[in-house]
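In: just to be clear, the model below is a prediction. Sequence and coordinates:
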Amino acid sequence: MGYKLGQYIPGSSLVHRLDPRVKIAAVMLVSITVLRADAFIVVAVTILLAGITFIARLSLAHLLRAVRPLVIFFALIFLVHLFFFTPGAPSPLPLATYEGLYRGAILTWRFVFLILSAAILTMTTLPSELISGLERCLRPLRPLGIPSHDVAVMVSIVLRFVPTLLQELDQIKEAQMARGADFKAGNLLARMKRVSSLVIPLIRNSILRAEEVAMGMEGRGYRRGPRTYMRELRMTPSDYIILALLVILTGLGVYRW
Amino acid sequence: MIKVEHLVHTYEGGNSPALRAIDLEIEEGEYVAIIGPIGCGKTTLIKHLNALLIPTEGNVWVDGMNTKDTRLAGEIRQRVGMVFQNPDNQIVGMTVEEDVAFGPENLRLPPGEIRRRVTEALEAVGMGSYAQRHPHTLSGGEKRLVTLADVLAMNPSYIALDEPTSSLDPAGREMVLTLLRGLNKQGIAMIHVTHNMDEITGADRIIVMEDGRIVLSGTPGEVFSGV
């Protein structure tokens, strides 16, 4: 089975071992930098991401797989800018301008970077570590009413049950096919209608399941509010150094104008 | 000791009670089997033992703590572990070890202690090498063992099991039953709900339920000669 979008790729590189909080901060900092992008930053961030990719021992194929589902979206952004950005000197293409070409290219790269940095994060961080990291990043917001512990439990339950629900969907589909349903025949509308015969049982089962899961969690002493964690996150000196470097780089990138 | 005193339970919107005046005592270290037809109230009864359900009438005491006192629910649930029928809906962790850690994390234990308990519980059910596995890649029997480890990690005095061998093949069934007897020998009381007669011949006591009542109770010898 091939790797799915952003799926964790086991490894022991420096990037894999970084504290998840540092990696989350890095993605946020790169995103901020990229939003002020000009040609210089595009080059700088490209080099940075290429370096991280190399250190994490990810291949170009991994990265391409992460952006592939969004290719149409990227193309659309690029084309819209190319043709609808009017000022500037005209180019050989009708309606298009060199200014539009430049803007379109930079904007498209921005989005590609955002996706790539998020993909590198999820490819080098175990989902459970990512959740611990998120939980700890959200903790300071608890006085504002954001229940970081509950959010963490919620996210991990979603990730836990996605494969189970997919298995269940297959079972429902097979059961319907055994009773003569054909999910391939007919036009698009007819096929979409037939999908409801999959979705409705799935939703019904999920609601029943949710009740049992909640009961099971309660039976194991779950209640809202603070809990402790088996996984401890500890910032090492190298985590602090890298975080400091990232902050400095972002500062330079944003304030050089 | 768990003491059930004149327990009546009517579900919200239900017109007849699911449990009608149950009186029952379960000693520490005892192996109690509860049998009866589907819908006789077995599951409703054991859900009362760790405060998942609260009596409509009567009381349930766990080591002297009344389950009606919501402040004690955490303590009661630590003492009485619960294993439900469908293991798939009890596993909430993304990996086996995270799932076993869920209970101790709820008890707010320190990380080192959680790690120790998770390792011990997985070893106890023979799943030590499965720590990093994802739940959806496990067989039915393996999932069942994980739910047992989940409960063991809480260090319970009692474990209530709702048809723990349902949908297992004979080998898996034998494995689970052997494990339950072994844990019982280590001093954990078992409350084993089933409708499989041959599973319960080794129990200290058999309780037969019908229509929300206990109709027969005694050692396997007494109960089987009564049948």
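Out: Looks like it came in fine. Please read all numbers here as calculations on a predicted model, not as lab measurements.
In: tally up the residues packed near A:S13, please.
Out: Using other C-beta atoms under 10 Å in any protein chain shown as the criterion, A:S13 is surrounded by 14 other residues. Yep, even glycine has a C-beta here, placed from its N, CA and C like the rest.
In: tell me the contacts of it?
Out: Contacts here follow C-beta atoms under 8 Å, 6 or more residues apart in numbering or on different chains; on that basis A:S13 touches A:55-57, A:124.
In: now a ChimeraX select for only the buried ones of the residues you listed.
Out: Command for ChimeraX that selects the buried part of the contacts of A:S13, burial taken from 16 or more other C-beta atoms under 10 Å in any protein chain shown:
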select /A:56,124
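In: save the contacts of A:S13 as JSON lines, and put in pLDDT too.
Out: Listed next are the contacts of A:S13 as JSON lines, based on pLDDT from 0 to 100:
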{"residue": "A:I55", "pLDDT": "91"}
{"residue": "A:A56", "pLDDT": "90"}
{"residue": "A:R57", "pLDDT": "89"}
{"residue": "A:T124", "pLDDT": "91"}
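In: so which of the contacts of A:S13 are in helices?
Out: Among those, the subset assigned to helices under DSSP state H consists of A:55, A:124.
In: flag the shaky bits of the chain, pLDDT-wise.
Out: By default, I'm working from chain A. Under the criterion of pLDDT under 70, the regions of chain A flagged as low confidence span A:1-6, A:37, A:85-96, A:256-257.
In: not what I meant, chain B
Out: Scanning chain B with the threshold set as pLDDT under 70 gives B:226-227.
In: host element of B:L24?
Out: Using DSSP states H and E, B:L24 sits within strand B:19-26.
In: and the helices in the stretch 1-150 of chain A?
Out: If you assign secondary structure with DSSP state H, counting those that start in this stretch, the helices in the stretch 1-150 of chain A sit at A:14-17, A:20-35, A:39-55, A:60-67, A:71-84, A:98-124, A:127-138, A:148-178.
In: can you tell me if the first one touches chain B.
Out: Just to be clear, that refers to helix A:14-17. No. Using C-beta under 8 Å from any C-beta of the partner chain, helix A:14-17 stays clear of chain B, coming no nearer than 14.9 Å.
In: A:L101 touches A:F83, doesn't it?
Out: No. In terms of C-beta atoms under 8 Å, A:L101 does not count as a neighbour of A:F83; the distance is 10.0 Å.
In: gap between stretch A:249-257 and the chain center?
Out: Centroid separation for stretch A:249-257 versus its chain: 25 Å, with C-alpha atoms, centre = their mean, to the nearest Å.
In: against A:V22, how distant is A:V80?
Out: Look at A:V80 and A:V22: by C-beta to C-beta, to the nearest Å, they are 36 Å apart.
In: next: B:I2.
Out: According to C-beta to C-beta, B:I2 and A:V22 sit 49 Å apart.
In: okay, the two: which has more neighbours?
Out: The neighbour count for B:I2 versus A:V22, taken as other C-beta under 10 Å, is higher for B:I2 (26 against 20).
In: which SSE is B:L161 in?
Out: Under DSSP H and E, the secondary-structure element containing B:L161 is strand B:158-162.
In: that strand pairs with which strands?
Out: Based on DSSP bridges, the strands next to strand B:158-162 in the sheet, each with its direction, are strand B:80-83 (parallel), strand B:189-194 (parallel).
In: would you point to the one among those that's packed deepest?
Out: strand B:80-83 (a mean of 27; mean count of other C-beta atoms under 10 Å in any protein chain shown).
In: apart from its neighbours in sequence, what residue is nearest B:V60?
Out: B:T67 (4.6 Å; C-beta to C-beta, 6 or more residues apart in numbering or on different chains).
In: before we move on, the earlier item: of all the helices of the stretch 1-150 of chain A, which one is nearest B:L179?
Out: helix A:148-178 (24.4 Å; C-beta to C-beta).
In: spatially nearest residue to residue 141 (excluding sequence neighbours)?
Out: Chain wasn't specified; assuming chain A. Nearest one to A:L141, counting by C-beta to C-beta, 6+ apart, is A:S148 at 7.0 Å.
In: oops, wrong one, chain B.
Out: When the adjacent residues along the chain are set aside, B:G141 lies closest to B:G172, with 3.3 Å between them (C-beta to C-beta, 6+ apart).
In: need the contact list for the residue most central in space within chain B.
Out: If you average the C-alpha coordinates of chain B and look for the closest C-alpha using C-alpha atoms, centre = their mean, you land on B:A160, 1.7 Å from that point. Taking C-beta under 8 Å, 6+ apart as the contact definition, B:A160 lies against B:46, B:49-50, B:80-83, B:191, B:193.
In: make it 7 Å
Out: With contact taken as C-beta atoms under 7 Å, 6 or more residues apart in numbering or on different chains, B:A160 is in contact with B:46, B:49-50, B:80, B:82, B:191.
In: let me have these in TSV, adding distance to A:V199 as columns.
Out: Compiled in TSV, the contacts of B:A160 are given as follows (distance: C-beta to C-beta, whole Å):
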residue	distance to A:V199
B:I46	35
B:L49	38
B:N50	35
B:V80	38
B:M82	32
B:I191	39
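In: with these in mind, which one is nearest to chain A?
Out: Proximity of the contacts of B:A160 to chain A, judged by C-beta to the nearest C-beta, is greatest for B:M82, which lies at 4.1 Å.
In: that closest one and B:N50 touch, don't they?
Out: Yes. Counting by C-beta atoms under 7 Å, B:M82 touches B:N50, with 5.3 Å between them.
In: shared neighbours of the two, anything?
Out: Common neighbours of B:M82 and B:N50, counting by C-beta under 7 Å, 6+ apart, are A:219, B:160.
In: tell me which of the contacts of A:S13 is nearest to chain B?
Out: The closest of the contacts of A:S13 to chain B turns out to be A:T124 (C-beta to the nearest C-beta; 16.7 Å).
In: chain A contacts on chain B?
Out: B:50, B:52, B:74, B:77-78, B:82, B:84, B:86, B:88-90, B:92-95, B:98, B:101-103, B:105-111, B:114-115, B:118, B:135-136, B:150, B:154 (C-beta under 7 Å from any C-beta of the partner chain).
In: give me the subset of those residues that lies in helices.
Out: Judged by DSSP H, the subset of the residues of chain B next to chain A located in helices is B:74, B:77-78, B:98, B:101-103, B:105-106, B:111, B:114-115, B:118, B:150.
In: columns distance to B:S225 and neighbour count on top of those residues, output as CSV?
Out: Shown next, in CSV, are these (distance: C-beta to C-beta, whole Å; neighbours: other C-beta atoms under 10 Å in any protein chain shown):
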residue, distance to B:S225, neighbour count
B:G74, 43, 15
B:R77, 37, 27
B:Q78, 39, 19
B:E98, 48, 25
B:A101, 46, 26
B:F102, 44, 26
B:G103, 41, 29
B:E105, 48, 25
B:N106, 45, 21
B:P111, 53, 16
B:I114, 48, 25
B:R115, 50, 17
B:V118, 45, 26
B:D150, 38, 30
